[in-house]
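Peer 1: Predicted model, plus sequence, below.
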Amino acid sequence: MKLDYFMKTAEGTVNEGSVSFAGALHVIFPVHNETIEEIRADVKVDVADEEKIFMNGYQTWTTCPEYSRDDRIRGLHGIPRPLVRRYAFDGYSDYHFTDYPYTKGILHGFSWCYFRRGGFYRLFASLSEKNGYTQFLYNDEEGILHITKDCKGLKADGDFEALDLYYAEGSEAEVFDTWFAMMGIRPLTEKKIAGYSSWYNRYQDISEETIREDLEGCKKIFEKGDLFQIDDGWEPFVGDWLTCDETKFPAGMKAMADQIHEAGFEAGLWLAPFAAEEKSDTFRSHPDWFIKDENGLFKAGSNWSGFYCLDIDNPEVIDYLEKVFSRVFDEWGFDLVKLDFLYCAAVYGTENETRAGRMIRACDLLRRLCGSHPVLGCGVPVMPAFGKFEYCRISCDVTLDWDDKAYMHLIHRERPSTKNAVANILSRKALNGRAYLSDPDVFFLRTDNCSLTERQKYSLAVLDALSGGVFLTSDDPGSYTEKMKEQYRLYRSLTKAENVSILTDRGITAVYDLDEETTRRRLF
């Protein structure tokens, strides 16, 4: 296969040529204290009508199913600009720096993509994102895979590593095993976790009383050492992490962690360390802590009262985060943290660091602050998290129905949706056990406050158990009937399955070995 490349600096230096592309490919751009203007490459790719195309979405929530060659990606197309600005829809992902042509046969993604025909994969991937996200764009009319680096404006001197790519053909296991081996990335743990998250039932409406109630229910079915995670709603406002909402948790968070431990469980806590909402004391008292662009403070989304991005180049921000994590682990005694909305750390790069390089540095910072405590990452650009966290989400949030309300379909690709979550669990399934242990989000058995059909709940639970390393529910197990308890034990047993294969060309079928038997389950 031939790859044609073109590189240019703002000062006018050009480097172009053609090279053979198979296996690993490293292309150097010699520069002398210059500013990168453009790095791109083209590869001819013939795609059969029945072939599936995967383009990895920017961050973990970004919906990225396998596409057909004439599909298109909508982005924010059709949303009036006043609504985009009001709700900061363009802050959640790549919309503020990536063009979405919304044209049939044009598909784009980040860090890796593949073309799949049955069990045969053609994988195109980045071996390093430090010098800029590797962006892939397939144009079906041209039959060309365009490759660019997100590094415009970066100052460089010497032999700049412009393209660091990998291409392989074979089975899913063959191409992904070799890719991760070449990157030298392995998961930080092999320990799967199961347990409870407070989010998908209580949402922010939690308190000491509700936590104790759910904790009592969890005692009836969970195993010693399982995870009991307190999600969003314990803090006064997002961004204020040094204390709890004292009206909800008058005894404080140490008392909550102690009670979780007394019940025999590991204590988990949710934070969004790089985000702060408008109502928070952190935002009101420290406006100089936040990322700005030519329009002022960068608004990263409309959750809560609207939220903004802490600047990790500010020493006071680092000092604050050190205090936060010391309090969570050393004073309150939590064992694991779920760290969310992490994309906030790197919405921009600088002339000295790319957007991707900044995100990698932010993940390294969190690893240092958390030490040996396990981290469950979420809302994070995907490849920078490889090998940094023990566990990581691979999809958007599930919803209490199949695909949320109709008007929600018109917003960004990161919106909550069980349907979209399932699509990502399937398309990113190769990450589990290679980049980290994957979190496919929660499953449900309950009948109240959930409108998923019984078939959908069954299929989601089976898929979660077989395809990830995190198996959580937000049900109150204390309300489980004997039949539900039996279902839970069955689904949990599937987390021990081996030789798992998820087939998707004719519906969705899971094949696995367990207790010396091979089983096939038709899902959804």
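Peer 2: Everything's here; your move.
Peer 1: what number of residues lie near residue 6?
Peer 2: By the measure other CB atoms under 10 Å, the count of residues near residue 6 is 13. For glycine as for every other residue, the C-beta is placed from the backbone atoms N, C-alpha and C.
Peer 1: again with residue 519
Peer 2: When neighbours are counted by other CB under 10 Å, residue 519 registers 12.
Peer 1: ok so residue 16 is a helix residue?
Peer 2: No. Judged by DSSP: H, G, I helix; E, B strand; the rest coil, residue 16 forms no part of a helix; its state is strand.
Peer 1: Verify the stated contact: residue 410 with residue 77.
Peer 2: No. Residue 410 is beyond contact range of residue 77, at 9.8 Å (criterion: CB atoms under 8 Å).
Peer 1: between these two, who's got more neighbours?
Peer 2: Neighbour tally, residue 410 and residue 77, criterion other CB under 10 Å: the higher count belongs to residue 410, 14 against 11.
Peer 1: Quick check: the gap between the more buried one and residue 404.
Peer 2: Using CB to CB, to the nearest Å, residue 410 is found at 11 Å from residue 404.
Peer 1: Show me which strand runs longest in the protein.
Peer 2: strand 23-44 (DSSP state E).
Peer 1: Spell out which strands sit alongside that one in the sheet and which way each one runs.
Peer 2: Each strand paired with strand 23-44, and its direction, by DSSP bridges: strand 2-9 (antiparallel), strand 144-150 (antiparallel), strand 155-170 (antiparallel).
Peer 1: Between the ones you listed, which one is closest to residue 384.
Peer 2: strand 144-150 (12.2 Å; CB to CB).
Peer 1: where do the helices sit along the stretch 351-500 of the chain?
Peer 2: Here the stretch 351-500 of the chain has its helices, by DSSP state H, counting those that start in this stretch, at 355-370, 418-427, 454-467, 482-493.
Peer 1: export the third one as PDB, just CAs?
Peer 2: C-alpha atoms of helix 454-467 as PDB (Å, rounded to 0.1, in the frame of the first residue of the first chain):
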ATOM      1  CA  GLU A 454     -37.600  -7.100  29.300                       C
ATOM      2  CA  ARG A 455     -35.700  -8.200  26.200                       C
ATOM      3  CA  GLN A 456     -33.700  -5.000  26.200                       C
ATOM      4  CA  LYS A 457     -32.800  -5.300  29.900                       C
ATOM      5  CA  TYR A 458     -31.800  -8.900  29.400                       C
ATOM      6  CA  SER A 459     -29.600  -8.100  26.400                       C
ATOM      7  CA  LEU A 460     -28.000  -5.100  28.000                       C
ATOM      8  CA  ALA A 461     -27.100  -7.100  31.100                       C
ATOM      9  CA  VAL A 462     -25.600 -10.000  29.100                       C
ATOM     10  CA  LEU A 463     -23.700  -7.600  26.800                       C
ATOM     11  CA  ASP A 464     -22.300  -5.700  29.800                       C
ATOM     12  CA  ALA A 465     -21.200  -8.900  31.600                       C
ATOM     13  CA  LEU A 466     -19.400 -10.300  28.500                       C
ATOM     14  CA  SER A 467     -17.800  -7.200  27.000                       C
END
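Peer 1: Can you give me the buried ones in the longest strand of the chain?
Peer 2: For strand 23-44, the neighbour count (16 or more other CB atoms under 10 Å) marks 25, 27, 29, 31, 34-37, 39-43 as buried.
Peer 1: correct me, but residue 8 touches residue 34?
Peer 2: No. Residue 8 is not in contact with residue 34 according to CB under 8 Å; the separation is 9.7 Å.
Peer 1: Out of the helices of the stretch 351-500 of the chain, which one sits most buried?
Peer 2: Neighbour counts (mean count of other CB atoms under 10 Å) averaged over each of the helices of the stretch 351-500 of the chain peak at helix 418-427, with a mean of 23.
Peer 1: how far does it sit from the chain's center?
Peer 2: 12 Å (CA atoms, centre = their mean, to the nearest Å).
Peer 1: tell me the angle that helix makes with helix 454-467.
Peer 2: With axes from the mean of the first three to the mean of the last three CA atoms, to 10 degrees defining the directions, helix 418-427 sits at 30 degrees from helix 454-467.
Peer 1: which helices and strands does helix 418-427 pack with?
Peer 2: Under the contact criterion of 3 or more CB pairs under 8 Å, 6 or more residues apart in numbering; DSSP states H and E, helix 418-427 touches strand 66-67, helix 454-467.
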